[in-house]
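**Student:** Based on what follows, work out the 3D shape:
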Amino acid sequence: MTKGGPRPNREYPAVPRAGIGAVVIRGGKMLLVKRATPPGAGLWAIPGGLVELGETMQAAAEREILEETGLKIRAGEPVHVFDVIRKGERGAIRYHYVIVDLAAEYVDGEPEAGDDVSEARWLSADELRELPVSPHTLALLKKIGFM
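**Tutor:** The predicted structure is shown next:
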């Protein structure tokens, strides 16, 4: 993957893409990443990515969080589901993701920015109030009582 630029087969898809995120809380802080690529470039969000063919949501979450943050997690059950649908300049669907955020348990490691992200950190609710956060992530954080 290339940081900062469009990724093949993600723009103008023929069908929606399945994505996952992992909600990991440790010591009162949430694991978040700053997205480096569209559609959420520059925004802090729950780490995650696309589910690969034949992969469970839990396996996808564990793989994606390791790739994006260097952390090992144990993914659990869904806590939040939402759509990301963005149109391009001519009105065609540029991005369409159906995303399932899973509860997850921290296992090992320290956050380090990896694939598709420019930063990865443990952040408190107070710290998040000062950062540009994805509206979907804000909705999730309010839903689970983190903010």
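**Student:** who's in contact with the closest residue to Gly76 other than its chain neighbours?
**Tutor:** On the basis of C-beta to C-beta, 6 or more residues apart in numbering, the spatially nearest residue to Gly76 that is not a chain neighbour turns out to be Ala103, at 4.3 Å. In short, each C-beta sits where N, CA and C put it, glycine included. By C-beta atoms under 8 Å, 6 or more residues apart in numbering, the contact set of Ala103 is 23, 75-79.
**Student:** run the last query once more with 10 Å
**Tutor:** For Ala103, the set of contacting residues under the criterion of C-beta atoms under 10 Å, 6 or more residues apart in numbering consists of 22-25, 61, 74-80, 144.
**Student:** Please indicate which of the residues you listed are buried?
**Tutor:** Among the contacts of Ala103, those classed as buried by 16 or more other C-beta atoms under 10 Å are 22-24, 61, 75, 79-80.
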